[in-house]
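**Q** Predicted structure and sequence below. I'll ask about it afterward.
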Amino acid sequence: MSLYLIILIISLAGPLALSFEKNLKLYKRWKYLIPAILITMIVFVAWDIIFTHIGCWFFNPIYNSGIYIKKLPLEEYLFFIAIPYACAFSFYAVKFHFPKFKLNEKWTKILTVLIVIASLTTSLLNYDLTYTFVNFLVLPIILLLGYYFTREVVQYYLAIYPILLIPFFIINGILTGTGIEQAVFDYNPEVILGIRVLSIPLEDMFYNFSLLLSPLMLTHIFEMRAKKNKKV
């Protein structure tokens, strides 16, 4: 079994088992959450395939199964299911046990505006760095969509995201080379700023922000639509 697959299994095992916890009952959200994750997966896998083909990043064959689809190892596809699910579990668990752990309307608006301005500025100032440019261009689009269509989700997400960064640093740290001889996947230095936290490119923290927020937004939209249809 590849190291990449082992990391994904460990990341998913706990959240999946605890999804049946009698109070949280996350499994009841599966009919909304799983389609949301799959839709997000399609978008981000397409991004991944394009960036792999143009040489923005590469995968180390030492640490994967050797099964490739469109130049992506099988584990990379599973990444876009396992990690969003594990983080969605953490999001809903925090929200369930600490329902007041969210930003108010004022600070949600202020922080959203600041993030959008900072992201767009970073993107435009680094138009020659492909990953940096696209990453910081996509983030404000997703965040603004979330703010206007699923504001409650954004209120919680902005408060909870620092907590989600803890497993991110552990998992992404290992995947990008922290504590192992070679990275599971790495980046072309010509497409990133070159600023790293441990072995993690700075851009990944914001890529992760977009990746994890997207299925939460879609899940909320699907839930609200289902409730509206029931009332009708």
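**A** Good, I have the coordinates.

**Q** count of neighbours near Ala46?
**A** Here the number of neighbours of Ala46 (other CB atoms under 10 Å) works out to 11. C-beta: built from backbone N, CA, C; applies to glycine.

**Q** Packing partners of the helix or strand where Ala82 lies?
**A** Per DSSP states H and E, Ala82 falls inside helix 74-97. Contacts defined by 3 or more CB pairs under 8 Å, 6 or more residues apart in numbering; DSSP states H and E place helix 74-97 against helix 3-18, helix 30-53, helix 151-175, helix 202-231.

**Q** and the next element down the chain from the third one?
**A** Think helix 151-175. Downstream of helix 151-175 (by DSSP H and E), the next one is strand 185-187.

**Q** elements contacting the helix or strand that that following strand is followed by?
**A** Remark: after strand 185-187, the chain's next helix or strand is strand 196-197, criterion DSSP H and E. On a contact count with 3+ CB pairs under 8 Å, 6+ apart, strand 196-197 meets no helix or strand.

**Q** how long is stretch 194-211 end to end?
**A** 21 Å (CA to CA, to the nearest Å).

**Q** Tell me the gap between that stretch and the middle of its chain.
**A** 11 Å (CA atoms, centre = their mean, to the nearest Å).

**Q** again with stretch 103-114
**A** 21 Å.

**Q** Could I have the CA atoms of that stretch written out in CSV?
**A** The C-alpha coordinates for stretch 103-114 follow below in CSV (Å, rounded to 0.1, in the frame of the first residue of the first chain):
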residue,chain,number,x,y,z
LEU,A,103,-18.2,35.6,13.3
ASN,A,104,-21.0,38.2,13.5
GLU,A,105,-22.3,39.9,10.4
LYS,A,106,-20.0,42.9,10.8
TRP,A,107,-16.8,41.0,11.1
THR,A,108,-17.8,38.5,8.4
LYS,A,109,-18.2,41.3,6.0
ILE,A,110,-14.9,43.0,7.1
LEU,A,111,-12.9,39.9,6.9
THR,A,112,-14.4,38.8,3.6
VAL,A,113,-13.6,42.2,2.0
LEU,A,114,-10.0,42.1,3.4
